[in-house]
Structures are given as C-alpha cells and as structure tokens.
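Peer 1: no sequence for this one, just the structure:
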C-alpha cells in the first residue's frame, strides 16, 4: 500500500515539475512578448491573441484598426503614407466591442491617433466583451488569470520550445524557412508581415470581375440571400455604435480619430437592393446616424470612400463584393493623407445620398 502512495507521490511530483518547467520556459522565451520585447521575436496571424503582445512590446503613436478589409495593410506602408509610427491591430471578423476594447488598451499604452476602418457589420449584436469566447481579455489586462493561462498553456510551451530551438544559430535559418509549414503559430519573422499578402502576390489572379460577379451571384441566390441581413437590427446596432465607438472617442478627447467607411464594391449594396431591401435600409439609416454623430465630435475626421465610382464600380478591384485589392489599399492611404473624401460637417449625409443614387441606378453586368 505504501508503495502505491510512493509511486503516486512521485507521479504528482514529476507532473508538477513538468508543468512548472513548461511555465518557466514560456516565461523565459515569452513568445508573445508580454513581459519584454525581443529582437529574435516571431509573430502570429492569430491577431486576437497577438495584439495583446504587440501593444505591450511595440513602440507606436498611431494604431490602425478594422476588420478583414483592413487586415492586409502593412505598417510600413501606413507609416510612409501618413507620416506616423503605426501599429496594425485589425482583426478579421471582429465586432465593435472587440475593436473598442483593443483600442482602449492601445490608447492606454500611448496611442495618440487612431485610424479606424468602420463598416456597418461591426455593430451587429454580439456577446459582451467579458463573455466573449474569442478575445482573451484577461491576457490584454495582464490579470493573474490571464498571465496564468499564458504561462501554463501547453500550446505556448510548444511555441517557446520551437522559438528556443530557432534561436540556435545553425538551426535559425532552416527552422525559419520551415516554420510556415509546421504546426506552430509564431512563424512570421517580421511584424510587418502579420496578415499581409506576400510581396509577389498575383493581384489579378485573386481580384477580378469574374470572381466578384460569382460572389454576387452566390450571395443573392434565394437559398442564401437571407444571410445578407443576419444579425442586422437597427436599434441594437445604433446602441453598439454609441457605446463602443462614441463612448471610446468621448473618453479620449486628446486622441485624434480618423474613421473611414471602406470602399465596398457597388455590388454589396446592389445585392441588398435586389435580395434584401430591408437590410439595405438598415445599413443606410445606420450610416446616416454614424455620419451625423461623428461629424459633431471635435476629435474625429470622418472619411467616406463608398461612392468613388472609378473604384467601386470597377469589379476588377475586388475578390468578392466587399474585399478590395492591395491596389485599393494604397489608394485608401492616399485618400486618408489628402483628406479628399472627408465628410463635410455641414452636409454629413451628402456622400451617402450620392451612394444611394448610384445603387438605385446600377445595373449588374451580365456574364
């Protein structure tokens, strides 16, 4: 009997030593750079997690936030175009609660300017940030729970071990080349490459009118068209806009906010017009409220890129009805720098009114 207890004790002690060793390894290597910046760091495309480390480890005066429509921008391009020292925090599929929370953390770490891609979908009703299963809020806050979940994560221990092996000079080059093909998250050697398209990316192959029209046909098919309005409710969306966007902006009057409506292809709105007109009304009514409200705030510059016909009607600029090519990314930065499409505070819905006219008049090209 005593022998059984002895074996059990040794097993428990061995398990404790292994867990503690893994935690110490994660603390020492710190792949997320929560505790210290590292010259040998690698980065992950898991932006909801990675952003927690970026905010703590990077130096910046400007943050760039958005959804998948802002995910492919490179920080170096933002810096050159706008003369800032930026940190890209865009998160695919993110909602306004997640974005506002992450922006709050970045502002607390010194951001004095926010460039924010805002589209109607981010304000759909979703879980409160405290109950959000996709955003590790305790990791951002640096609470005991968040730090413990980081240090005692088997996945982080694996990443730390790989990072340690990769720091050995003879192994660094081959493991760096192999990293994108291995089951590790921290595979990007340059923070500028986080969720950025490869520099030799074939734009015409993935962004063209054929793909855009195919996407339009797909989402307007009667079998799927009901999804165009999924999650859309005017009152709830206005409430989230007021709480998440206006609330954040008014809490930080010393921070400059450049907010822009992205240049969706005209087909996004035409799809609503043809297959879900009630959704189109919600979108236009909501963006009218957003424009009127934001143009009243002294620390906001609102830009509307949705009615630029030479871009939004050229379907070769898109990979589906909303996602624009890197060519348009560069245009967006130029427009932000010039202020060419800044919304007039005296006529906040003028650009929206022009968009409505375009949507009403547009006829879909036949294949």
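Peer 2: Yep, it's here. Fair warning: this is a prediction, and the values are worked out from it, not measured in the lab.

Peer 1: How is residue 328 assigned, secondary-structure-wise?
Peer 2: Judged by DSSP: H, G, I helix; E, B strand; the rest coil, the three-state class of residue 328 is helix.

Peer 1: count of neighbours near the spatially closest residue to it that is not a sequence neighbour?
Peer 2: Excluding the flanking residues, the one nearest residue 328 by C-beta to C-beta, 6 or more residues apart in numbering is residue 317, at 5.3 Å. From N, CA and C alone the C-beta is placed, and that goes for glycine too. Residue 317 has 22 neighbours, counted by other C-beta atoms under 10 Å.

Peer 1: Now do the helix or strand harbouring residue 282, average pLDDT.
Peer 2: Using DSSP states H and E, residue 282 sits within helix 277-294. Across helix 277-294, the average pLDDT comes to 97.

Peer 1: that older thread, okay, the residue nearest to residue 328: pLDDT?
Peer 2: Residue 317 is given a pLDDT of 98.

Peer 1: which residues in the stretch 151-300 of the chain form strands?
Peer 2: In the stretch 151-300 of the chain, strands defined by DSSP state E, counting those that start in this stretch lie at 256-261, 300-304, listed in chain order.

Peer 1: Columns distance to residue 275, mean neighbour count and mean pLDDT on top of those, output as a markdown table?
Peer 2: Shown next, in a markdown table, are the strands of the stretch 151-300 of the chain (distance: least, C-beta to C-beta, whole Å; neighbours: other C-beta atoms under 10 Å; pLDDT from 0 to 100):
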| stretch | distance to residue 275 | mean neighbour count | mean pLDDT |
| --- | --- | --- | --- |
| strand 256-261 | 22 | 21 | 98 |
| strand 300-304 | 24 | 23 | 98 |
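
Peer 1: looking at those strands, which is closest to residue 141?
Peer 2: Among these, strand 256-261 comes nearest to residue 141, with 22.9 Å by C-beta to C-beta.

Peer 1: Out of the strands of the stretch 151-300 of the chain, which is closest to residue 155?
Peer 2: Using C-beta to C-beta, the strands of the stretch 151-300 of the chain put strand 256-261 closest to residue 155, at 35.3 Å.

Peer 1: what's that closest one packed up against?
Peer 2: Secondary-structure packing of strand 256-261 (3 or more C-beta pairs under 8 Å, 6 or more residues apart in numbering; DSSP states H and E): strand 113-117, strand 300-304, helix 326-338.

Peer 1: let's see it at 6 Å
Peer 2: Applying 3 or more C-beta pairs under 6 Å, 6 or more residues apart in numbering; DSSP states H and E, we find strand 256-261 packed against strand 113-117, strand 300-304.

Peer 1: Mind checking what helix or strand follows the first one in sequence?
Peer 2: Put plainly, it is strand 113-117. helix 137-141.

Peer 1: For that next one, buried residues please.
Peer 2: Neighbour-count burial for helix 137-141, counted by 16 or more other C-beta atoms under 10 Å, picks out 137-140.
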